[in-house]
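>>> The following block contains a protein sequence and its predicted model.
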Amino acid sequence: MELKGKRLVLGVTGGIAAYKAAELVRLLVREGAEVQVAMSEGATHFVTPTTFQALSGRPVYLDQWDARMPNAMAHIDLSRQADLLLVAPASADFLARISAGMADDLLATMVLARDCPLLVAPAMNRQMWENPATQRNVAQLVADGVGVLGPASGAQACGEVGPGRMLEPAELLAGVMDFFAPKTLAGRRVLLTAGPTFEAIDAVRGITNLSSGRMGYAVAAAARRAGAAVTLVSGPVALDAPVGVERVAVQSALDMHAAVMARAAASDIFIAVAAVADYRVARPAAHKLKKDEGGVPAIELIENPDILAEVAALPGGPFCVGFAAESQNLEAYAQKKRLKKKIPLIAGNLMQDGFGGSDNRLVLFDDQGTHPLPPASKEVLARQLIEHIARLTGEIA
Ligand code: C5P
């Protein structure tokens, strides 16, 4: 419930992407936001107000003459009660009208009369997007302090391919969450590792750790949301890169080590969440080992570099945070690991509490002592961890 208590007005203008706005309402409501939908006349040709009413639990406003507002001031009152006005999809025509300060329908009037921030999610044909007129209008809106989410590039409803697609609902939700998140790591560069590593035995087999990558990805998203520039060095996982995060995909611990060491000195904070294999195969076979040739293979293992300990030892290196997944004696093992790797902060969890699932239980250990966090989703825990890091690194009191 990251958006609990937040009041949003969602403006929907005419365009095929209007159907995605319905899913967006569902996602916003699921995060606890109160969503008031207002539609342009054009939008009602794509999706009915009933759909938005059912999803938001509120009657939808369609024009400024709506008699439900006691003072007949829908265009003013709707955005006055809001923490954020989001228009998704925002058509080329709508962007043109609001960049010129026009107030010729309910949505445009709301934009002009608002006293809350405005985000727009453009959605249009690629040539309409690339047209200098649209680019000029968007540049004007940005200069006026309007936030622009997207657009994405890809296949369009008209059959063409290019920029102009509205961002997906989950990406828009991330944009809204970014907007509300306190920017406790603004201007900081955060480097993370996440997921397992894969150590090849031969061309098709390998040694790996069980790790979904979800905790690391959640921490990367939370750091991004807190305003940091985030690079995520990730082992093989089945997750999309969080919006706005640069992902460097790697396989083995040696790959991960190289990718991290190339970037560590330029980072302010390093958070090692990856489940790195402790050992790799000394001489992986280039081809698939055959069962009937040479008997049971003896696999010689050699130790992998400890990426976190190496980064922690860099003179003037980043503030380092580790993770300790233990099956017992959490406090003793986590503290021991923290001191051995010489890192200021370690987040410990019992494997039986969090493995593969969406929830987890974390305990933070630092120089001040032990800070247990209440059991929560990995996203909420990630945000709390980032807040703790921001406090320790002096960004917030
Ligand atoms: O030593 P251990 O694997 O238990 O420590 C876990 C912490 O160290 C995690 O933060 C993990 O990402 C990091 N680590 C690492 N390189 C290794 C092993 C662990 O960065 N080779």
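Yep, it's here.
>>> From now on I want contacts and neighbour counts done on CA atoms only, so please keep to that.
OK.
>>> show me what contacts whichever residue of the stretch 1-150 of the chain sits closest to the ligand?
The nearest approach of the stretch 1-150 of the chain to the ligand comes at E2, 26.1 Å away (C-alpha to the nearest ligand atom). For E2, the contacting residues are 31-32, 177, 380, by C-alpha atoms under 8 Å, 6 or more residues apart in numbering.
>>> and with 7 Å instead?
31-32 (C-alpha atoms under 7 Å, 6 or more residues apart in numbering).
>>> name the element it belongs to?
If you go by DSSP states H and E, E2 is not part of any helix or strand.
>>> and it, how far is that from V237?
As judged by C-alpha to C-alpha, to the nearest Å, E2 and V237 stand 25 Å apart.
>>> next one: L192
In terms of C-alpha to C-alpha, L192 sits 15 Å off from V237.
>>> Looking at these two, which has the bigger crowd around it?
A side-by-side neighbour count of L192 and V237, using other C-alpha atoms under 10 Å, places L192 first with 27 against 16.
>>> Let me see the domain layout of this protein.
Following automatic domain parsing, one finds the domains of the chain at 7-180, 189-392.
>>> Pipe the ones you listed into CSV and attach mean pLDDT per row.
CSV is the format used below for the domains of the chain (pLDDT from 0 to 100):
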stretch, mean pLDDT
domain 7-180, 93
domain 189-392, 93
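>>> Point out the other helices and strands that the helix or strand where A222 lies packs with.
Applying DSSP H and E as the criterion places A222 in helix 214-225. On a contact count with 3 or more C-alpha pairs under 7 Å, 6 or more residues apart in numbering; DSSP states H and E, helix 214-225 meets strand 189-194, strand 229-234, helix 378-392.
>>> Could you identify which of these is most buried?
strand 189-194 (a mean of 26; mean count of other C-alpha atoms under 10 Å).
>>> Convert the C-alpha atoms of that one to PDB, please.
Presented in PDB, the C-alpha positions along strand 189-194 are these (Å, rounded to 0.1, in the frame of the first residue of the first chain):
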ATOM      1  CA  ARG A 189      25.100   6.700  -7.600                       C
ATOM      2  CA  VAL A 190      24.000   3.300  -6.300                       C
ATOM      3  CA  LEU A 191      25.500   0.000  -7.600                       C
ATOM      4  CA  LEU A 192      23.900  -3.300  -6.700                       C
ATOM      5  CA  THR A 193      24.200  -7.000  -7.400                       C
ATOM      6  CA  ALA A 194      21.200  -9.300  -7.500                       C
END
